[in-house]
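>>> just to be clear, the model below is a prediction. Sequence and coordinates:
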Amino acid sequence: MHFLGVFSGRRLTLATALAAVAITAATQAAYANVVITQVSSDPFTNTNAQHRTEVEPDTFVQGSTIVSTFQVGRVASGGSSDIGFATSNTSGATWSGGFLSGITVNQGGGAYQSASDPAVAFDAMHNVWLIASLGVNGPGGNLAVFTSRSSDGGHTWSGPVTVATGQLDKEWITCDNTSTSPFFGHCYVEYDITNASNALRMQTSTNGGLTWGTARTTSDGAHGLGGQPVVRPNGTVLVPYQSSGSIRSFRSIDGGATWRATVLVSGVAHHTDAGGLRSGILPSAEIDSAGTAYVVWSDCRFRSGCPANDIVLSKSTSETTWGAPVRVPIDATTSTVDHFVPGIGVDRSTAGATARLGLTYYFYPVSNCTASTCQLDVGYISSTNGGATWSTATQLAGPMSLSWLPNTTQGRMFGDYISTSVLAGGRAFPVIPVATAPTGSTFNQAMFVPTGGLAVGAGAAAASDAGAAAVPASSAAAMALTIQ
């Protein structure tokens, strides 16, 4: 296990550039509305990766502990040098971190050339944190879904536990943390099998991720990508995912023993983001204390002619039906702004009409741009009434030039997904990749948090489904389906 000390004093302000860990942030700082603090940096030197880069964060909060995980040292052909983590046990005031061992050849003697798709969860029954990851280019060319365990609040982590091997992609993890649930302590991993047309699979652990049960499919043999399981207080597991041209969902009502047929959340209309940026329509999902599920994705149905994407939100209280997507009112539908790759956070101590939501997203101020002119920014908006109305949006970071981001076979990359976590009754904490200009051939892209978190505030801008174009489920082409 590799452990780093606490990151302190590494911040960006409107007038101050960060001068530590090879990051020069004067350009970024000049346009941001908040102070951000660095929580990790890429230390690796393997020549098949693009250093120093960190991409694709996930977060989870339990009590005063926030754990994030992300790729470190992006490899153009897939995955990264290793999986990193950054942990706060002080409600986001201080952070420490390191890198998982035993997965890749670059850290702790693992057998895989790279690692990808990190996701984090907490198992309250067994008091263990779990990071799921994907080993890439291993023995026989296979991939593997792993879980690494921490029983000390997210500071040190076990070697990887194998969940599944094969041609796999885009795993995700969650646990049932409701003490009154009949399946309290069950944890669930979702992934897809790429050489079986992305057939979806679910596996369950009942012992804190030490072992995992049989791989199971949905009753209708679903195929798709990027499922994000969430658990209702009654123990039902909902799994929204990306299908071809739509967002769909399926569920289990028996603790993962069986998985029911999928239902449609919504068709998707999607504008291809300019400049060769790697992005898509993977959903982000969370749940509130009453079991309302919230799913967001990028969608252009509210823009005449589909020139840019908004972030849209659909909710479900019934497990099998979903509300019509509403547009999160970040700006006017006549704006030039293109919004994409959202990460929603929900205060799990709130519900319904008083549910507190924080939403982080990336955006171009001008959608119609090129690889050399696109400006990449990070935004944030919040709601205190379950998404009925929203605060004024604020900019967290940017502008970033696309040439500052690592390259992949599918374009410049900051992550196929991002994440936001909201403290109970408190502030929101996204962990975001922020890039500045490379130093020679060395990138400067690392993970940051808004210093002290972000307010979850009320606002008067109303979400609405008015003006949406009709979107059949087959209207949007599926994004590339092997995207480690």
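That came through fine.

>>> in stretch 388-407, what counts as buried?
Neighbour counts over stretch 388-407 (16 or more other Cβ atoms under 10 Å) mark 390-391, 393-402, 404-407 as buried. Where C-beta positions appear, they are placed from N, C-alpha and C, glycine not excepted.

>>> do the same with stretch 427-440
Using 16+ other Cβ under 10 Å as the test for burial, stretch 427-440 gives 427-438.

>>> ditto for stretch 292-312
Of all the residues in stretch 292-312, those buried under the rule 16+ other Cβ under 10 Å are 292-303, 306, 308-312.

>>> hang on, Gln410 is in a strand, isn't it?
No. Under DSSP: H, G, I helix; E, B strand; the rest coil, Gln410 falls outside any strand and is assigned coil.

>>> ok, it touching Gly280?
No. Applying Cβ atoms under 8 Å as the test, Gln410 and Gly280 come out as separate, 9.0 Å apart.

>>> more neighbours, these two?
Taking other Cβ atoms under 10 Å, Gln410 and Gly280 do not tie; Gly280 has more neighbours (23 against 18).

>>> which parts of the stretch 101-250 of the chain are strands?
Applying DSSP state E, counting those that start in this stretch to the stretch 101-250 of the chain gives strands spanning 114-123, 128-136, 143-150, 161-166, 168-175, 187-193, 199-205, 230-231, 237-243, 246-252.

>>> tell me the gap between the helix or strand that the last one is followed by and the middle of its chain.
Next helix or strand after strand 246-252 toward the C-terminus (DSSP states H and E): strand 263-267. Relative to its parent chain, strand 263-267 has a centroid offset of 21 Å by Cα atoms, centre = their mean, to the nearest Å.

>>> strand 263-267: which residues count as buried?
For strand 263-267, a neighbour-count test (16+ other Cβ under 10 Å) marks 263, 265-267 as buried.

>>> what strands flank that strand, and is each parallel or antiparallel?
strand 246-252 (antiparallel) (DSSP bridges).

>>> which outside residues touch the strand it pairs with?
By Cβ atoms under 8 Å, 6 or more residues apart in numbering, the surrounding residues in contact with strand 246-252 are 188, 200, 202, 218, 222, 224, 236-241, 258-268, 281, 283, 293, 295, 297, 314, 316, 319-320, 322, 473-474, 476.

>>> quick one on the thing from earlier: mind putting the strands of the stretch 101-250 of the chain into TSV with mean neighbour count and distance to Trp95?
Output for these, formatted as TSV (neighbours: other Cβ atoms under 10 Å; distance: least, Cβ to Cβ, whole Å):
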stretch	mean neighbour count	distance to Trp95
strand 114-123	28	14
strand 128-136	27	15
strand 143-150	25	15
strand 161-166	17	26
strand 168-175	26	22
strand 187-193	26	25
strand 199-205	22	28
strand 230-231	24	26
strand 237-243	26	30
strand 246-252	25	33
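
>>> adding distance to Asp42 as columns, could you present these in CSV?
Listed next are the strands of the stretch 101-250 of the chain as CSV, based on distance: least, Cβ to Cβ, whole Å:
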stretch, distance to Asp42
strand 114-123, 13
strand 128-136, 16
strand 143-150, 19
strand 161-166, 25
strand 168-175, 22
strand 187-193, 26
strand 199-205, 31
strand 230-231, 31
strand 237-243, 28
strand 246-252, 33
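
>>> nearest to Tyr364, out of those?
Closest to Tyr364 of those, according to Cβ to Cβ: strand 237-243, at 21.5 Å.

>>> can you tell me which of the buried residues of stretch 388-407 lies closest to Val72?
Pro406 (11.2 Å).

>>> what about that closest one, which helix or strand?
Element membership of Pro406 [criterion: DSSP H and E] is none; it lies in no helix or strand.

>>> also Ala435?
Per DSSP H and E: Ala435 is located in strand 432-439.

>>> on contacts alone, who are the packing partners of that strand?
Here strand 432-439 touches helix 26-29, strand 49-62, strand 375-383, strand 394-401, strand 442-450, going by 3 or more Cβ pairs under 8 Å, 6 or more residues apart in numbering; DSSP states H and E.

>>> can you list the strands that it pairs with?
Sheet pairing of strand 432-439 (DSSP bridges) gives strand 442-450 (antiparallel).

>>> Leu423: which of the helices and strands packed on strand 432-439 is closest?
Nearest to Leu423, of all the helices and strands packed on strand 432-439, is strand 49-62, at 5.9 Å by Cβ to Cβ.

>>> tell me the contacts of the residue lying closest to Tyr191 once chain neighbours are set aside?
If the residues on either side of it in the chain are set aside, Tyr191 comes closest to Glu171, at 3.9 Å by Cβ to Cβ, 6 or more residues apart in numbering. Taking Cβ under 8 Å, 6+ apart, we find Glu171 in contact with 117, 119, 132-134, 145, 163, 189-191.

>>> kindly report the same for Asn207.
Asn207 neighbours (Cβ under 8 Å, 6+ apart): His126.

>>> excluding covalently adjacent residues, which one is nearest to Ser77?
Spatially, and ignoring its direct neighbours in sequence, Ser77 is nearest to Thr409 (6.2 Å; Cβ to Cβ, 6+ apart).

>>> what's near enough to touch the one you found?
The contact partners of Thr409, taken as Cβ under 8 Å, 6+ apart, are 76-78.

>>> now swap in Ser298 and tell me
With Cβ under 8 Å, 6+ apart, Ser298 has these contacts: 270-271, 279, 281, 309-312, 339-342, 361.

>>> pick out the residue nearest the middle of the protein.
The centre of the chain sits closest to Ile418, judged by Cα atoms, centre = their mean, with a distance of 3.2 Å.

>>> grab the nearest non-local neighbour of it.
Gly343 (3.9 Å).

>>> specify the beta-bridge partners of the one you found.
Assigned bridge partners for Gly343, using DSSP bridges, are Thr360.

>>> how many other residues sit next to it?
Residues near Gly343, counting by other Cβ under 10 Å, number 25.

>>> swap in Val35?
Residues near Val35, counting by other Cβ under 10 Å, number 16.

>>> could you find the closest non-adjacent residue to it?
Counting by Cβ to Cβ, 6+ apart, Thr451 is the residue found nearest to Val35 once chain neighbours are left out, at 4.3 Å.

>>> and the one you found, its phi and psi?
phi -60, psi 120 (degrees, to the nearest 10).

>>> does it touch Val39 like I think?
No. The pair Thr451 / Val39 is not scored as a contact, 10.5 Å apart, by Cβ under 8 Å.

>>> looking at the two, which one has more neighbours?
Legend: neighbour count by other Cβ under 10 Å for Thr451 and Val39, higher for Val39 (29 against 16).

>>> now do the contacts for that one.
7, 68, 86, 95, 97, 431, 447-449.

>>> mind doing that once more with 10 Å?
Shown in contact with Val39 (Cβ atoms under 10 Å, 6 or more residues apart in numbering): 4, 6-7, 10, 54, 57, 66, 68, 70, 84-88, 92, 94-97, 431, 446-449.

>>> gap between Val434 and Leu423?
Distance from Val434 to Leu423, counting by Cβ to Cβ, to the nearest Å: 22 Å.

>>> equivalent analysis for Gln71, please.
25 Å.

>>> please identify which of those two sits among more neighbours.
Gln71 (33 against 24).

>>> okay, and for this protein, where does confidence drop off?
For the chain, the stretches with pLDDT under 70 are 1-32, 474-483.
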